[in-house]
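Student: Generate a structure from the sequence data that follows.
(one chain, ligands or ions: 1)
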Amino acid sequence: MGFRKDFLWGGAVAANQVEGAYDVDGKGLSVADVATYKPNVDVKDYKKNVFVSSETIAEAMADKSTKYYPKRRGIDQYHRYKEDIALFKELGFKAYRFSIAWTRIFPNGEEETPNQKGIDFYKKFIKELKDNGIEPIVTLSHYEMPLALALKYNGWADKRLIDLFVKFSKVCFENFRNVKYWLTFNEIDSVTRHPFTSAGIIEDKTENLEETEYQALHNQFVASALVTKLAHEIIPESQVGCMLTKLTTYPATAKPGDVLASMNKNLMNNYPADVQANGAYSPLILSYFKKNNFNIDMTDEELKTIADNTVDFISFSYYMSLIAAEDEDGLEMTTGNTVVGGKNPYLKATDWGWTVDPMGLRISLEELYDRYKKPLMIVENGMGAKDVVEEDGSIHDDYRIEYFKQHLREMKKAVEDGVDLLGYTSWAPIDLISASTSQMSKRYGFIYVDQDDEGNGTLNRSKKDSFAWYQHVIATNGEEL
Ligand code: BG6
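Tutor: Sure thing, here's the model as predicted:
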């Protein structure tokens, strides 16, 4: 009744948070390269952390340094990948989820031919994983697209992005044929929460932001469906998944008004997976567009493409849960993964305000499996925390072990209840730059990286206590948790 024998235990990262080398070997600037680390912004002030305007982009482009643009330096995995993969092998990883930087393959997104150096890098990277018995799980788009496409087209607001993304993906499939698992867009639902990071939409260039976001999402659905088709044609044994930010929301009380409020939040959270897994929009979403006078350009041909090319499995991130009420005035609000919402008074929270809800993972797994009846994969789950390095170099991160232990126990119960779960990749096995705050001090790894928020440090890797703990979990295939 435990995990399947070929369960994909591993870890997950994104190119823009680990690679660094932002201007090496022909790479173009991406939207992540203009994301600023703002030392004075309250880490809980989510909006201020992610807001990017035309003005801040211009400032960033004029500044070539990496000090306050940490995603440009990452943790230098571009040069240190062999060392990192050796550590993942020691952990016993069966899988490693990473993303391909579009800007390494097509620096501005519109070149006629791809950048060979970018292709060569990922070939070497994938070979290293395979040589170490680690299955690559590749995300095609993880909060990183050519900045040039954001500036020229306002990103995914424009349908021309579809063909450009298909072209990029085709190069990936043709060159990395030995990759079986592909994810199209990371946390695709997040377009409506941080439209620049997810879709290259510059808010001050947009008249009706919400309408533009839904249009961009639709364009990504079409691109995702076309790419799913292409993957199946070029790599017949490939498995393509969508990727959702699972933001499970409970009603604040049993009052029907609160139940309705939470239902609506969950509907809006799940609808992108509905489109990608079921091949159609929920009628409730189409009616929402109508009621709000959102005029989304979707053709019959596009809807057919979406219907004909659904994903093979559903992947998702899960960190925390929220609550909702009919009247939000009385709710204490808190930050979560790319979101601000009602804080559950029954749960503790991390230093960043994200509630810790292990049972919410079981609830999410069972809800998603019942809803889609397709295999699931947890491709992100973890805890950002400040770690203390002792004088002898050791790092006692028992809080992280506890977080994982509780979540994995609930995950196991969901599997025992009948959920078909393909794998689990923790976020993140190695410390990296935070997506939302661009901090280094918000650490997730089993492996510590010596670097501070402003880029000082040796970048040396060392093992935290959680390293041996996760190693044992994998060695026993989750038998001993
Ligand atoms: C997810 C993203 O939203 O959560 C990751 O897919 C991100 O890129 C992770 O790093 C954790 O969020 P943060 O903001 O703490 O880095």
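
Student: Just the CA atoms from stretch 374-386 would do, formatted as CSV, please.
Tutor: Extracted C-alpha coordinates of stretch 374-386, given in CSV (Å, rounded to 0.1, in the frame of the first residue of the first chain):
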residue,chain,number,x,y,z
LYS,A,374,-5.2,11.5,-14.0
PRO,A,375,-1.9,10.7,-12.3
LEU,A,376,-0.5,13.4,-10.1
MET,A,377,3.0,14.6,-9.3
ILE,A,378,4.0,16.9,-6.5
VAL,A,379,6.7,19.1,-8.0
GLU,A,380,7.1,21.6,-5.2
ASN,A,381,6.7,21.5,-1.5
GLY,A,382,9.0,22.9,1.2
MET,A,383,9.7,25.5,3.8
GLY,A,384,11.6,28.7,3.5
ALA,A,385,13.5,29.4,6.7
LYS,A,386,16.5,31.3,8.1
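
Student: May I see the buried residues of that stretch?
Tutor: The neighbour-count check on stretch 374-386 (16 or more other Cβ atoms under 10 Å) flags Lys374, Pro375, Leu376, Met377, Ile378, Val379, Glu380, Asn381, Gly382, Met383, Gly384, Ala385 as buried. C-beta coordinates here come from the backbone N, C-alpha and C atoms, glycine included.

Student: again with stretch 416-429
Tutor: Neighbour count says stretch 416-429 has Val419, Leu421, Leu422, Gly423, Tyr424, Thr425, Ser426, Trp427, Ala428, Pro429 buried, by 16+ other Cβ under 10 Å.

Student: try stretch 235-246
Tutor: Of all the residues in stretch 235-246, those buried under the rule 16+ other Cβ under 10 Å are Ile235, Ser238, Gln239, Val240, Gly241, Cys242, Met243, Leu244, Thr245, Lys246.

Student: what do you get for stretch 196-212?
Tutor: Phe196, Thr197, Ser198, Ala199, Gly200, Ile201, Ile202, Glu203, Thr206, Glu211, Thr212.

Student: which of those residues has the weakest pLDDT?
Tutor: Ranked by pLDDT, the buried residues of stretch 196-212 bottom out at Glu203 (91).

Student: what residues are up against that residue?
Tutor: Counting by Cβ atoms under 8 Å, 6 or more residues apart in numbering, Glu203 touches Phe51, Val52, Ser53, Pro195, Phe196, Leu209.

Student: Distance of the last one relative to Phe289?
Tutor: Distance of Leu209 to Phe289, computed by Cβ to Cβ, to the nearest Å: 14 Å.

Student: Skipping its backbone neighbours, what lies nearest the one residue sitting closest to the centre of the chain in space?
Tutor: Centroid check for the chain by Cα atoms, centre = their mean gives Asn186 as the closest residue, at 4.4 Å. Nearest in space to Asn186, with sequence neighbours left out and distances taken as Cβ to Cβ, 6 or more residues apart in numbering, is His142 at 4.0 Å.

Student: Report the contact partners of the one you found.
Tutor: Ala14, Ala15, Asn16, Ser99, Asn186.

Student: could these be laid out in JSON lines, adding secondary structure and pLDDT?
Tutor: Shown next, in JSON lines, are these (DSSP: H, G, I helix; E, B strand; the rest coil; pLDDT from 0 to 100):
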{"residue": "Ala14", "secondary structure": "coil", "pLDDT": "98"}
{"residue": "Ala15", "secondary structure": "helix", "pLDDT": "98"}
{"residue": "Asn16", "secondary structure": "helix", "pLDDT": "98"}
{"residue": "Ser99", "secondary structure": "strand", "pLDDT": "98"}
{"residue": "Asn186", "secondary structure": "coil", "pLDDT": "98"}
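
Student: got JSON lines for the residues you listed, with distance to Tyr399 too?
Tutor: Listed next are the contacts of His142 as JSON lines, based on distance: Cβ to Cβ, whole Å:
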{"residue": "Ala14", "distance to Tyr399": "24"}
{"residue": "Ala15", "distance to Tyr399": "28"}
{"residue": "Asn16", "distance to Tyr399": "27"}
{"residue": "Ser99", "distance to Tyr399": "28"}
{"residue": "Asn186", "distance to Tyr399": "26"}
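
Student: Keep these, but drop any that are not near the ligand.
Tutor: Ala14, Asn186 (Cβ under 6 Å from any ligand atom).

Student: does the closest residue to Asp327 other than its chain neighbours belong to a helix or a strand, and which?
Tutor: Nearest in space to Asp327, with sequence neighbours left out and distances taken as Cβ to Cβ, 6+ apart, is Gly257 at 7.6 Å. Using DSSP states H and E, the element containing Gly257 is helix 256-273.

Student: now could you export just the CA positions of that helix as CSV?
Tutor: Taking Å, rounded to 0.1, in the frame of the first residue of the first chain, the C-alpha atoms of helix 256-273 are listed here in CSV:
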residue,chain,number,x,y,z
PRO,A,256,-23.0,29.0,3.7
GLY,A,257,-21.7,32.4,2.6
ASP,A,258,-18.2,31.5,3.7
VAL,A,259,-18.5,28.1,2.0
LEU,A,260,-19.5,29.8,-1.2
ALA,A,261,-16.5,32.3,-0.9
SER,A,262,-14.0,29.4,-0.5
MET,A,263,-15.7,27.5,-3.4
ASN,A,264,-15.2,30.5,-5.7
LYS,A,265,-11.5,30.9,-4.7
ASN,A,266,-10.9,27.2,-5.4
LEU,A,267,-12.7,27.4,-8.7
MET,A,268,-10.5,30.3,-9.8
ASN,A,269,-7.4,28.4,-8.6
ASN,A,270,-8.3,25.1,-10.3
TYR,A,271,-9.7,26.4,-13.6
PRO,A,272,-6.4,26.4,-15.5
ALA,A,273,-6.0,22.8,-14.7
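
Student: And the contacts of that helix?
Tutor: Identification of contacts with helix 256-273 by Cβ under 8 Å, 6+ apart yields 188-189, 192, 217, 221, 242, 244-252, 281-282, 284-285, 314, 316, 322-328, 341, 368, 371-372.

Student: mind listing which of the residues you listed are in strands?
Tutor: Using DSSP state E, the subset of these located in strands is Cys242, Leu244, Thr245, Thr249, Tyr250, Pro251, Ile314, Phe316, Leu322, Ile323, Ala324, Gly341.

Student: could I get the residues you listed as TSV with pLDDT?
Tutor: Formatted as TSV, the ones in strands among the contacts of helix 256-273 follow (pLDDT from 0 to 100):
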residue	pLDDT
Cys242	98
Leu244	98
Thr245	97
Thr249	98
Tyr250	98
Pro251	98
Ile314	98
Phe316	98
Leu322	96
Ile323	97
Ala324	97
Gly341	89
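
Student: For the stretch 351-481 of the chain, which segments count as helices?
Tutor: According to DSSP state H, counting those that start in this stretch, the stretch 351-481 of the chain carries its helices in the segments 358-372, 398-416, 465-475.

Student: got the ones you listed as JSON lines, with mean pLDDT and distance to the ligand columns?
Tutor: Formatted as JSON lines, the helices of the stretch 351-481 of the chain follow (pLDDT from 0 to 100; distance: least, Cβ to the nearest ligand atom, whole Å):
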{"stretch": "helix 358-372", "mean pLDDT": "98", "distance to the ligand": "15"}
{"stretch": "helix 398-416", "mean pLDDT": "98", "distance to the ligand": "13"}
{"stretch": "helix 465-475", "mean pLDDT": "98", "distance to the ligand": "17"}
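
Student: Kind regards, and thank you for your time.
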